[in-house]
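J.: Make a model of this:
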Amino acid sequence: MALIDIQVPDIGDFDQVTVIELLVKPGDSVKAEQSLITVESDKASMEIPSSRAGVVRELRVALGDKVAQGSVVLVLEAADAQPDTAPAAAAPAPAPAAPVPSAPVAPTPAAPAPAGAAAPVEVRVPDIGDFKDVTVIEVLVQPGANIKLEQSLVTVESDKASMEIPSSVAGVLQEIRVKVGDKVNIGDLLAVVLAAAPAAAAPVPAPAAPAASPAAAPQPSVVAEAPALAPAPAAAAPVPAHNPVVAPSASLPHASPSVRRIARLLGVPLEEVRGTGPKGRITELDLQGFTRSVMSGVVQTRAAAAAASKAAPAAPAGDGGGLGLLPWPKVDFAKFGPVERQDRPRIKKISAANLHRNWVLIPHVTNHDDADITDLEAFRVLTNKENEKSGVKVTMLAFLIKACVAALRRFPEFNSSLDGDQLVLKRYYHIGFAADTPQGLMVPVIKDADTKGVLQISQEMADLAKKARDGKLSPGDMSGASFTISSLGGIGGRYFTPIINAPEVAILGVCRSTMQPVWNGSVFEPRLMLPLSLSWDHRVIDGAAAARFNAYLGQILGDFRRVLL
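T.: Residues are numbered from 1 along each chain as shown. Okay, here's the model as predicted:
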């Protein structure tokens with residue numbers, strides 16, 4: 001047997017994740033793909049599996065440690081360290097069962113034999129954010145192809161975006177395990193790659209373990225039965241009070257994947273369990289306490305509460321949750337004439353659900369105003385002429401983004417979000433802009449717009465808009481916006497009521513600018529006027545603040561030098 005370092009595999013774009021749970025201990029027997037530790041980033045928690053089967057000899061990490069891709073998790077005494085040894089070496093093994101301590105030492109030097117040979121490596125789906133069951137829409141490589149490190153293997157699509165999954169190793173593609181239309185998640189096997197093993201891949205110090213005294217040999221078999229979790233201290237923390245009538249939180253319960261798996265096996269609804277771990281994390285003790293309480297009748301599950309409420313007479317929905325509206329009309333349109341049915345794109349279906357929620361839950365108010373952009377448009381045209389060779393075309397939307405940043409600095413409540421009874425004031429300025437694509441409406445985000453110039457914003461907008469049209473936007477390209485602009489300037493219209501993109505509290509809509517006669521105090525003169533439509537959340541913003549925001553924004557667009565103030 002040889003000692004092998006088990007390292008952290010590719011875990012996506014996360015770096016320096018924290019170890020929050022140790023799932024094995026020295027002496028435990030583990031199987032291939034068995035989870036060893038649980039790590040947590042600022043977005044998700046994940047389990048790190050073992051790439052080999054064997055016995056844990058040494059843990060190299062502790063709770064609270066920071067690890068990254070390539071960090072050594074533990075030292076494993078692999079049971080299958082000699083699969084390629086000569087047949088002659090395999091024959092003596094069955095005869096002496098285990099009592100011969102010196103015989104196994106001889107075959108161990110044969111382990112380095114396949115040092116330069118190609119070894120099959122499994123390539124799995126890395127962390128792709130908060131998306132589940134993404135669909136494979138394109139397979140970019142075929143078996144037998146030579147692939148490079150980070151070369152894209154497949155393209156997957158979620159309800160919001162499409163993204164390419166790269167290879168974590170270089171080599172020859174031996175097998176592709178997915179096809180177009182398959183649903184994949186984090187950790188699913190994508191492909192098997194024959195990767196050339198490094199020349200110094202076989203550490204020689206491995207024989208030190210077999211050379212240990214024979215008395216230690218039976219120890220793994222004794223400890224191997226320890227993986228069953230010890231029934232923890234009897235004086236566990238009491239289960240917190242529970243109210244099954246209260247609706248579950250909109251956020252996911254704070255629990256590790258192993259706890260989630262146990263909850264699924266037991267049928268425990270995690271949103272009904274109160275966590276007693278750090279940061280409200282749900283532990284196995286919490287699951288056990290909840291299960292005991294349910295079995296003893298102390299806690300009633302939400303399912304039982306719902307069944308009981310159905311048996312009781314229905315109360316009038318006066319809280320706004322049930323709107324009491326008439327059902328949607330069912331009409332046989334074909335009896336009136338020819339019809340054609342088309343499936344809506346998934347992005348439009350998801351957008352529709354989000355827009356419906358936002359419109360119902362947010363008390364929208366919209367202010368309409370006009371901004372004089374005559375001088376700004378002349379400056380924009382002149383800028384494009386001077387920068388014609390650079391290939392960067394400056395649009396009015398780029399100026400609008402910079403103007404909105406200045407207005408958000410002046411009125412910080414427009415750059416905020418509601419979190420319960422608190423208002424989260426954001427000190428960053430990430431501006432989303434609505435992009436019309438064949439797949440539906442998408443909202444890429446210009447990050448840190450306050451630190452970028454108009455030319456840089458124009459170039460970034462062009463790049464993001466192209467990615468949106470090609471369906472190549474990543475989740476990171478569309479997340480983190482603190483304020484959104486919806487521009488119909490290239491299409492037309494006068495005014496409209498844009499729907500707020502929750503959890504933001506305001507959105508600016510702009511339409512096509514028109515030349516209008518404007519009274520300057522003595523005569524009418526032609527001025528280029530830009531229609532502005534500002535929708536805002538009345539729970540956070542009042543009418544006076546909205547009017548001031550629009551007026552200030554109009555002043556900046558009328559004299560862009562105010563951005564410097």
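J.: Mind listing what's buried along the longest strand seen in the chain?
T.: When the chain is parsed with DSSP state E, its longest strand is strand 524-537. For strand 524-537, burial by neighbour count (16 or more other Cβ atoms under 10 Å) applies to Arg527, Leu528, Met529, Leu530, Pro531, Leu532, Ser533, Leu534, Ser535, Trp536, Asp537. For every residue, glycine as well, the C-beta is placed using N, CA and C.
J.: And stretch 273-287, by the same measure?
T.: Val273, Gly275, Thr276, Gly277, Arg281, Ile282, Thr283, Glu284, Leu285, Asp286, Leu287.
J.: can you check stretch 471-481 too?
T.: In stretch 471-481, counting by 16+ other Cβ under 10 Å, buried: Gly471, Leu473, Ser474, Asp477, Met478, Ser479, Ala481.
J.: I'd like these written out as a markdown table, with pLDDT and distance to Gln69 added.
T.: As requested, the buried residues of stretch 471-481 are exported to a markdown table (pLDDT from 0 to 100; distance: Cβ to Cβ, whole Å):
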| residue | pLDDT | distance to Gln69 |
| --- | --- | --- |
| Gly471 | 82 | 28 |
| Leu473 | 85 | 25 |
| Ser474 | 85 | 19 |
| Asp477 | 90 | 23 |
| Met478 | 89 | 25 |
| Ser479 | 90 | 23 |
| Ala481 | 95 | 29 |
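J.: Looking at these, which one is closest to Ser351?
T.: Met478 (11.7 Å; Cβ to Cβ).
J.: pLDDT weak spots in this protein?
T.: Applying pLDDT under 70 to the chain flags residues 1, 13-14, 42-44, 79-118, 129-130, 159-162, 196-253, 256-257, 278-279, 296-323.
J.: Helices of that one, residue ranges please.
T.: 87-90, 219-223, 257-266, 284-296, 302-311, 346-361, 374-386, 396-410, 454-469, 543-558 (DSSP state H).
J.: Indicate which one of those is closest to Val121.
T.: Short answer: helix 257-266, nearest of the helices of the chain by Cβ to Cβ, at 23.0 Å.
J.: unless I'm mixing things up, Leu425 is touching Phe411, no?
T.: No - taking contacts as Cβ atoms under 8 Å, Leu425 lies outside contact range of Phe411: 11.0 Å.
J.: Neighbour count: the two, which is higher?
T.: Phe411 (17 against 11; other Cβ atoms under 10 Å).
J.: Pretty sure Met442 sits against Ile350.
T.: No - with contact defined as Cβ under 8 Å, Met442 and Ile350 do not form a contacting pair (10.8 Å).
J.: about what we covered before: just put the helices of the chain in CSV and tack on distance to Ala506.
T.: Below are the helices of the chain laid out as CSV (distance: least, Cβ to Cβ, whole Å):
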stretch, distance to Ala506
helix 87-90, 72
helix 219-223, 60
helix 257-266, 36
helix 284-296, 40
helix 302-311, 35
helix 346-361, 12
helix 374-386, 22
helix 396-410, 9
helix 454-469, 20
helix 543-558, 8
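J.: For Leu3, find the nearest of the ones you listed.
T.: Nearest to Leu3, of these and by Cβ to Cβ, is helix 219-223 at 13.5 Å.
J.: which among the buried residues of stretch 273-287 gets closest to Glu460?
T.: Arg281 (38.1 Å).
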